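[1] next one to model:
(one chain, ligands or ions: 1)
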Amino acid sequence: MADHRRILILTLSVFALIFLILFIADTLSEEKNITADKGASGIQVKRFFAGTPQEVTVYFLRGREEGPTLLIFGGIHGDEKGGYLAADRYTNLNVRKGSLVVVPRLNLSAIRKERREGIDGDMNRLFHLPDDSRALQDSKVVNLAKSLIKDADYVLNVHQGDGFYSPRWVSHKRNPSKWGQCNVIDASSFDLPNGQRLELEGFAKAVAARANRKIEDSRYHFLVNNTNTAAGQSRHKEQRKSLTYYALSRHNKVALGLEATKNCSLPEAVAFLTAVINSAIEEAGLSVAQLPSESPYHIRAEWQMAKGE
Ligand SMILES: [Zn+2]
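    Here you go, the predicted model:
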């Protein structure tokens with residue numbers, strides 16, 4: 001009898017232990033870890049995969065007035081500091097009309113390593129995988145990004161690239177193979193199933209023009225770089241695996257890659273990216289009480305203040 005009781009207690013203990021382990025694992029892996037609702041300000045912060053090397057923080061900034069949703073991704077490439085430092089500046093704005101969803105640091109493990117590649121290589125080459133894929137460790141981060149894309153109208157993926165994009169060869173620094181200072185689109189326009197047409201080039205050009213009015217030195221003006229991703233003769237077939245191409249082709253979103261050059265100081269790169277992000281926000285029809293400053297001097301001062309200097 002005593003033996004039976006001991007076996008029963010042991011069995012129950014094992015079950016209790018298994019339940020506890022499953023519960024802890026679930027808590028760590030689920031997307032619900034921290035939700036800090038700031039209520040009246042309209043800012044909600046959600047932390048996914050908290051405490052892991054793939055932690056992703058998403059800021060939802062909702063205006064009182066109905067309007068479009070613009071989604072900003074920074075940090076998909078960990079060696080493009082300007083991208084995530086620019087996106088960081090959009091997490092606490094007072095949005096009046098429309099919504100901003102900001103993921104300043106999508107690929108935290110790549111950022112920590114200061115490398116382009118994260119756990120499973122280049123995350124901007126994983127968006128062709130099935131939506132529910134669990135094939136890779138980074139799949140859960142990619143799937144989270146995809147779920148946010150579905151609910152957005154406009155999608156910005158913020159980068160920093162070498163040199164200066166130019167449609168014609170000007171120099172080793174300024175030619176069609178360079179990525180700096182351009183708004184990247186996957187197609188000039190995109191035919192929607194309902195017969196309407198998404199005018200990506202028109203939007204990207206309007207955003208560039210708006211930003212360029214605020215950039216004094218014309219050498220740093222933004223151009224539109226159409227990678228013609230789906231075309232048979234595309235020079236950029238690899239972009240078929242990218243975040244913006246997924247957003248456009250699968251969910252018909254106005255998706256832009258924003259690229260500042262690496263051939264300038266970091267505060268300048270962040271200032272350039274701020275100018276184009278601000279322009280996209282305005283062009284999309286959102287209203288924000290005060291957009292971040294587009295001055296590299298202010299940006300440098302912000303960082304010094306944050307460091308307590
Ligand atoms: Zn990049």
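
[2] so Tyr84, which of the three states?
    Put simply, Tyr84 is helix when judged by DSSP: H, G, I helix; E, B strand; the rest coil.

[3] thought Ala187 was touching Thr244?
    No - with contact defined as Cβ atoms under 8 Å, Ala187 does not count as touching Thr244 (10.2 Å). For glycine as for every other residue, the C-beta is placed from the backbone atoms N, C-alpha and C.

[4] who has more neighbours out of these two?
    Thr244 (26 against 19; other Cβ atoms under 10 Å).

[5] that one should be in a helix, yeah?
    Yes - Thr244 sits within a helix when classified using three-state DSSP.

[6] looking at it now. What's its pLDDT?
    Note on Thr244: pLDDT of 98.

[7] give me the nearest residue to it, chain neighbours excluded.
    Ala255 (3.9 Å; Cβ to Cβ, 6 or more residues apart in numbering).

[8] isn't that neighbour right up against Ala247?
    Yes - the pair Ala255 and Ala247 passes the contact test of Cβ under 8 Å, sitting 3.8 Å apart.

[9] still on that earlier bit, quick one, phi/psi of the residue nearest to Thr244?
    Note on Ala255: backbone dihedrals following degrees, to the nearest 10 are phi -120, psi 130.

[10] can you get me a residue count around it?
    30.

[11] equivalent analysis for Val288, please.
    Val288: 19 surrounding residues under other Cβ under 10 Å.

[12] pick out the residue of the stretch 1-150 of the chain closest to the ion.
    His77 (3.6 Å; Cβ to the ion).

[13] quick one, phi psi at that residue?
    Dihedral pair for His77: phi -110, psi 120, per degrees, to the nearest 10.

[14] same thing with the one 10 residues further on?
    When read as degrees, to the nearest 10, the backbone of Ala87 gives phi -60, psi -30.

[15] domain assignment for this protein?
    With domains defined by automatic domain parsing, the chain comprises 1-30, 34-306.

[16] what comes up buried for stretch 80-94?
    80-91, 93 (16 or more other Cβ atoms under 10 Å).

[17] which one among these gets closest to Asn157?
    Distance ranking of these against Asn157, using Cβ to Cβ, places Gly83 first at 8.4 Å.

[18] per-residue pLDDT of the residue nearest to the closest one when sequence neighbours are not counted, please?
    Nearest residue to Gly83, sequence neighbours excluded (Cβ to Cβ, 6+ apart): Val158, at 4.3 Å. pLDDT, Val158: 98.

[19] and for Leu20?
    With respect to pLDDT, Leu20 scores 56.

[20] picking up where we left off before, what is in contact with Ala255 and Ala247 at once?
    Both Ala255 and Ala247 are in contact with 149, 155, where contact means Cβ atoms under 8 Å, 6 or more residues apart in numbering.

[21] returning to that earlier point: okay, the residue of the stretch 1-150 of the chain closest to the ion and Gln196: tell me how far apart.
    33 Å (Cβ to Cβ, to the nearest Å).

[22] and what of Asp186?
    18 Å.

[23] contacts for the strand or helix carrying His298 next, please.
    For His298, the host element (DSSP states H and E) is helix 296-306. Outside of helix 296-306, the residues within contact range by Cβ under 8 Å, 6+ apart are 89, 265, 267-268, 270-271, 274, 293.

[24] what residue in the stretch 201-309 of the chain comes nearest to the ion?
    For the stretch 201-309 of the chain, Cβ to the ion, closest residue to the ion: Glu259, 7.2 Å.

[25] and that residue, how many residues sit next to it?
    Glu259: 30 neighbours (other Cβ under 10 Å).

[26] got it, and Leu148?
    Neighbour count of Leu148, defined by other Cβ under 10 Å: 20.

[27] cool, thanks, talk later.
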